[in-house]
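Asker: based on what follows, work out the 3D shape:
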Amino acid sequence: MIIINKLTKIISAYLNMELIDKIRISHSAITDFNNCPRLYYFKSIYRNPKTGNRIQIVNPYLSLGLAVHETIDELIDIAPSKRVNKKLSKRFEKIWQNYSGKIGGFTSKKQEEIFKKRGHLMIKKIEGSAILSKRSLKKEKDFPKIELSDDMNLIGNFDWIELMKDGSLHIIDFKTGKSKEKNDSLQLPIYQVLAEKNYNRKVKKLSYWYLEKDTKLTTKKIISTNKCLDIINKKANEIKNSIESRSFGCSSKYRKCFYCKNYETILSGKAEYLDTKNERDLYYLANSKDLLDKIYEESFLNNKEKEIVCMKMNNITMDETRETLNISKIEIKKSVESIKIKLKENLEQKELKIFIEELLKKENKFDA
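Answerer: Predicted structure coming up:
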């Protein structure tokens, strides 16, 4: 039976078919579709023809968010009187191991340490906060959902639902990114609809907690559930129409925008496959900025070699480099040869290719 199910997935993926009976509408699906229909296609529709699985690009911001949320999840099912004194640092450290290194999308150890430190600071804000002393609803094993139509379900995943004294609900969403949700974001309205329909209680308060910058909640205005549903249904039908017409084009004149180009890279075979988790094939894709940070931050190049690379990347000529560093042409030649050897020894093939591509964009060349 397992072999048959896997074969069915692969055949369906090859035929580019959706494997679920109903279209799943969520805040992330709507956001992806608004940003780029092709991005939505890659994240919600496309299946790897070889495995039948969805594909996902690992990145530090996603890993940070997952690690923080998994740490907080432990508190939900604990009584308020016990969780106010709960220390979460050790649990965060343990969970972080699942996202350490390349599997978390980190290009260098220093980059990982920066994100890990951010996570620890967020967890510290949660520990002992007033939220923990208040009653809350337990987390569902399955995502709450409601039926929008015969072929569409609305789904969502709550971070925290406070049970207020009068029995009404206060929905809180924890944010680990630096940017704030747009005013017209449908995330909290979607949660409002799902909570009222699934728990048969009135939602009286909606809040974000931006853990990176804020110590207090940002409360958003509540609109009527019917109005929420009208807005959600309108967007859901746009997605449905695109699925039915198989129309997922990128609006960029280059057919690859900021949002979808990395997924196109997977299809071209330039991304590195890492692992499969929860029926998702995980891929790593180094970008030029993070790669250059790795070269500058790690110790396989000496300080003089790092300065030479930095000057080259800033399009500074060889003569200017010689004058700035007060070294001869022969010394630069020896350093460049040393840099080449060390980069080959310490960068993976795909990383080295990205570095060379970035190097070729520069006008000034060291002919030494």
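
Asker: for the stretch 151-300 of the chain, just list every one of the strands.
Answerer: Along the stretch 151-300 of the chain, the stretches classed as strands by DSSP state E, counting those that start in this stretch are 152-155, 160-163, 169-175, 203-210, 218-220, 272-277, 280-284.

Asker: list the helices and strands the first one packs on?
Answerer: Spelled out, that is strand 152-155. strand 23-25, strand 145-149, helix 187-199, helix 225-245 (3 or more C-beta pairs under 8 Å, 6 or more residues apart in numbering; DSSP states H and E). Just so you know, the C-beta spots here come from the backbone N, C-alpha and C atoms, and that holds for glycine as well.

Asker: what sits up against it?
Answerer: In this structure, residues lying in contact with strand 152-155 by C-beta atoms under 8 Å, 6 or more residues apart in numbering are 22-26, 143-148, 190, 193-194, 232, 236, 240.

Asker: what residues of stretch 351-364 count as buried?
Answerer: 351-352, 354-355, 358 (16 or more other C-beta atoms under 10 Å).

Asker: next: stretch 287-304.
Answerer: Using 16+ other C-beta under 10 Å as the test for burial, stretch 287-304 gives 290-295, 301.

Asker: tabulate these (a markdown table), appending pLDDT.
Answerer: A markdown table is the format used below for the buried residues of stretch 287-304 (pLDDT from 0 to 100):
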| residue | pLDDT |
| --- | --- |
| D290 | 76 |
| L291 | 79 |
| L292 | 80 |
| D293 | 78 |
| K294 | 79 |
| I295 | 83 |
| L301 | 88 |
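
Asker: give the contact list for F92.
Answerer: When contacts are counted by C-beta under 8 Å, 6+ apart, F92 is found next to 67-68, 71, 119-120, 123.

Asker: any weak-confidence spans in the stretch 251-368 of the chain?
Answerer: Along the stretch 251-368 of the chain, segments meeting pLDDT under 70 span 362-368.

Asker: sorry, back to before: which of the contacts of strand 152-155 are buried?
Answerer: Among those, those classed as buried by 16+ other C-beta under 10 Å are 23-26, 144-146, 148, 190, 193-194, 232, 236, 240.

Asker: so which of the buried residues of stretch 351-364 are in helices?
Answerer: When DSSP state H defines the helices, the subset of the buried residues of stretch 351-364 inside them is 351-352, 354-355, 358.

Asker: re earlier: just name the most buried of the strands of the stretch 151-300 of the chain.
Answerer: Neighbour counts (mean count of other C-beta atoms under 10 Å) averaged over each of the strands of the stretch 151-300 of the chain peak at strand 169-175, with a mean of 22.

Asker: that one to helix 187-199, inter-axis angle?
Answerer: Strand 169-175 runs at 140 degrees relative to helix 187-199, counting by axes from the mean of the first three to the mean of the last three C-alpha atoms, to 10 degrees.

Asker: could I have strand 169-175 exported to PDB, CA atoms only?
Answerer: Taking only C-alpha atoms (Å, rounded to 0.1, in the frame of the first residue of the first chain), the coordinates of strand 169-175 have been written out as PDB:
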ATOM      1  CA  LEU A 169     -11.200  35.000  22.700                       C
ATOM      2  CA  HIS A 170      -8.000  37.000  22.300                       C
ATOM      3  CA  ILE A 171      -6.000  35.800  19.300                       C
ATOM      4  CA  ILE A 172      -2.200  36.500  19.500                       C
ATOM      5  CA  ASP A 173       0.200  35.900  16.700                       C
ATOM      6  CA  PHE A 174       3.900  35.900  17.400                       C
ATOM      7  CA  LYS A 175       6.100  37.600  14.800                       C
END
